[in-house]
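1. Sequence first, predicted coordinates after that:
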Amino acid sequence: MNPLDALTVTRASLDDWHHVAQWAADEGWNPGSGDTACFHPTDPAGFFLGRIDGRPVSALSIVTYSPRYAFLGYYLVHPELRRQGLGLATWRAAFPHAGDRTVGLDAVPAQRATYERSGFVTAHDTIRYTGRPDRSGAPTAPGVVPVTPAHLDAIAAYDQECFPADRRAFLTRWLTAPGHTAYAHLRDGEIAGYGVIRPARSGQRVGPLFADTEEGAEALLDALVGSVGEDEEVCVDVPEPHRAGHAVVTGRGLKASSHTVRMYTGA
């Protein structure tokens, strides 16, 4: 039987998506340990799972953040069933959920041409830096403070200058999730940056880390790294054009380990 004839694509529950997160870990994508619980409630209708005879075989998420913006991820097919059209069939079932929104994604380099055929255009590469950061041993810089509930409104407003949608509900989960550590950089009492570190399948991941200045980013990164064990490996993703960002992470001894391609379709 042609597997396509038996494929059914339906929306995935939170429990379903824990299974998909394990696929992503098996691919070496190193998702955060609690990412599913933070992302799924943002748009529960935006997670899709393909099944054959009840067995999960394919997946795709397309999370809508606003009437204008969505982000696509977890485009996966079980390794034993690739190159049989299951991924494309899952895409065709799920992608209409985006409507006429601009859609972003992070492609593995080998799949860039696949997304170009669907109308996506490359914006930039994103470099993943990995390693055990150098630690200065200095105290936390002045103005860098642990995030508390009193900071949430100001951080959500700041985040809208960095992300193309209001994602306050998501940030509330992201900043307070078990295992997540968040710091804010305050200047004259106003938010001038913030960052989060979280446990991943391997080591710890920093993200996001936004700051008005290179010095602020350094102070935030030092505080985040200082909150985890010295033997922990840390990874940080930096947009390739962002020279100051590369200087911050390489200055702490992290090395480029892989890259993805940020792409968009739409305005």
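-> Looks like it came in fine.
2. Can you give me the buried ones in the worst-scoring helix or strand of the chain on mean pLDDT?
-> Every helix and strand in the chain was compared by mean pLDDT, DSSP states H and E; the lowest is helix 3-6, with a mean of 77. For helix 3-6, burial by neighbour count (16 or more other CB atoms under 10 Å) applies to no residue. The way it works is simple: take the backbone N, C-alpha and C, and place the C-beta from them, glycine included.
3. count of neighbours near the closest residue to His40 other than its chain neighbours?
-> Using CB to CB, 6 or more residues apart in numbering and skipping residues adjacent in sequence, the residue nearest His40 is Leu14, 4.9 Å away. A count of nearby residues for Leu14, using other CB atoms under 10 Å, gives 13.
4. Same check on Pro109?
-> 11.
5. My guess is it contacts Arg262. True?
-> No. Assessed by CB atoms under 8 Å, Pro109 is found out of contact with Arg262, at 11.6 Å.
6. can you list contacts of the least confident helix or strand of the chain?
-> Among residues not part of helix 3-6, those counted as contacts by CB atoms under 8 Å, 6 or more residues apart in numbering are Ile52, Asp53, Val57, Leu81, Gln84, Gly85, Leu86, Ala89.
7. tell me which element the last one falls in.
-> When you say that, I think you mean Ala89. When elements are assigned from DSSP states H and E, Ala89 belongs to helix 86-94.
8. got the CA coordinates for that helix in CSV?
-> The C-alpha trace of helix 86-94 is given here as CSV (Å, rounded to 0.1, in the frame of the first residue of the first chain):
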residue,chain,number,x,y,z
LEU,A,86,4.5,12.2,3.6
GLY,A,87,6.2,15.5,4.6
LEU,A,88,4.7,17.4,1.7
ALA,A,89,1.2,16.0,2.4
THR,A,90,1.5,17.1,6.0
TRP,A,91,2.7,20.5,4.9
ARG,A,92,-0.3,20.9,2.6
ALA,A,93,-2.7,20.0,5.4
ALA,A,94,-1.1,22.3,8.0
